[in-house]
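Asker: next input, structure requested:
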Amino acid sequence: MTGSINTPYDAIVFDNDGVVVEPTDRTHIVDGVQRAFREFGHDPGRDHAEWSVATGVGPAGLVGDLPLDPVALWEAREDAVATAQKKATRAGGKGIYDDIEVLSRLDAPLGLVSNNQAETVRFLLEYHDLRGFETSYGREHTVAGAARRKPRPYYLERALEDLGCEPEAALYVGDSEKDIVAAHRAGMESAFLRRNHVADVSLSVGPTFEMRDLYGLVDAISTQG
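Answerer: I've put the predicted structure just below:
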């Protein structure tokens with residue numbers, strides 16, 4: 001994607017949920033977690049499923065004290081949650097934000113890195129016909145994928161390699177503290193997008209930029225340099 005607005009960056013990478021597309025209704029994710037447990041003949045209750053989603057636990061935390069293989073359960077969980085999100089999208093959820101149209105005016109190559117499942121990310125890009133990202137990553141449906149989630153910089157580093165960009169010449173745009181921390185660990189500058197769903201969030205780390213929408217982002221970076 002190339003456009004007419006010059007920026008000081010050799011690449012700009014975006015988070016997906018809450019930045020490019022609307023956040024997933026957590027109910028759908030919790031439903032997917034419960035379905036995964038039922039595949040193995042267990043149901044620890046909705047409270048446990050909700051807790052696991054809210055805290056972002058990995059395979060060991062998801063299993064808890066149940067006599068289940070954490071690897072198999074986690075992979076089933078990822079498959080079920082991806083399926084639930086695709087179903088919700090087809091039903092009208094997870095729409096794209098109107099302001100993403102401004103990204104086509106940027107002269108830098110764009111990437112996308114999400115903590116969501118890779119299958120979900122691929123689906124959303126195809127479903128919404130989002131063709132402007134030269135590289136995109138979500139987490140694999142594996143224990144390794146769980147361990148590589150932000151705030152770890154693993155997928156950001158891979159995206160920068162794809163884009164042929166050094167970290168200090170790149171910007172990452174997200175809507176969570178994990179995004180800001182991951183960007184800094186990768187050696188990138190960061191932008192916090194304070195959309196309505198995170199309007200009251202307090203950060204313990206300082207992003208390079210903060211704005212309410214992508215129009216504000218473009219205004220901010222087009223004046224830098």
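Asker: buried ones in the helix or strand where residue 218 lies?
Answerer: Here residue 218 sits within helix 214-222, counting by DSSP states H and E. Neighbour-count burial for helix 214-222 flags 214, 216-218, 221-222 (criterion: 16 or more other Cβ atoms under 10 Å). For the C-beta atoms, the positions are set from N, CA and C on the backbone; glycine is no exception.
Asker: again with stretch 157-177
Answerer: 157, 159-160, 162-163, 165, 167, 169-177.
Asker: which of the residues you listed fall in helices?
Answerer: 157, 159-160, 162-163, 177 (DSSP state H).
Asker: just flag the most distant two among these.
Answerer: Farthest-apart pair in those is 162 and 177; separation 25.2 Å (Cβ to Cβ).
Asker: ok, and the closest non-adjacent residue to residue 42?
Answerer: Using Cβ to Cβ, 6 or more residues apart in numbering and skipping residues adjacent in sequence, the residue nearest residue 42 is residue 66, 5.6 Å away.
Asker: what is the mean pLDDT for the longest helix along the chain?
Answerer: Counting residues, the longest helix found in the chain (DSSP H) is helix 70-90. Per-region confidence: helix 70-90 scores 97 on mean pLDDT.
Asker: after the strand ranked longest in the chain, next one along is what?
Answerer: Criterion DSSP state E: the longest strand present in the chain is strand 110-117. Next in sequence after strand 110-117, counting helices and strands by DSSP H and E, comes helix 118-127.
Asker: and that next one, which residues are buried?
Answerer: Buried positions in helix 118-127, judged by neighbour count with 16+ other Cβ under 10 Å: 118-121, 123-125.
Asker: which strands and helices sit next to that helix?
Answerer: Contacts defined by 3 or more Cβ pairs under 8 Å, 6 or more residues apart in numbering; DSSP states H and E place helix 118-127 against helix 70-90, strand 110-117, strand 135-139.
Asker: so which elements touch the longest one?
Answerer: With contacts defined as 3+ Cβ pairs under 8 Å, 6+ apart, the packing partners of helix 70-90 are helix 26-39, helix 59-63, strand 110-117, helix 118-127, helix 143-147.
Asker: so how far is the longest helix of the chain from its chain's centroid?
Answerer: The chain centre lies 15 Å from the centre of helix 70-90; the measure is Cα atoms, centre = their mean, to the nearest Å.
Asker: break this protein down into its domains, please.
Answerer: Following automatic domain parsing, the chain resolves into domains at 11-23+95-222, 26-90.
Asker: gap between the two ends of the shortest one?
Answerer: The one in question is domain 26-90. The straight-line separation of the ends of domain 26-90 (Cα to Cα, to the nearest Å) is 16 Å.
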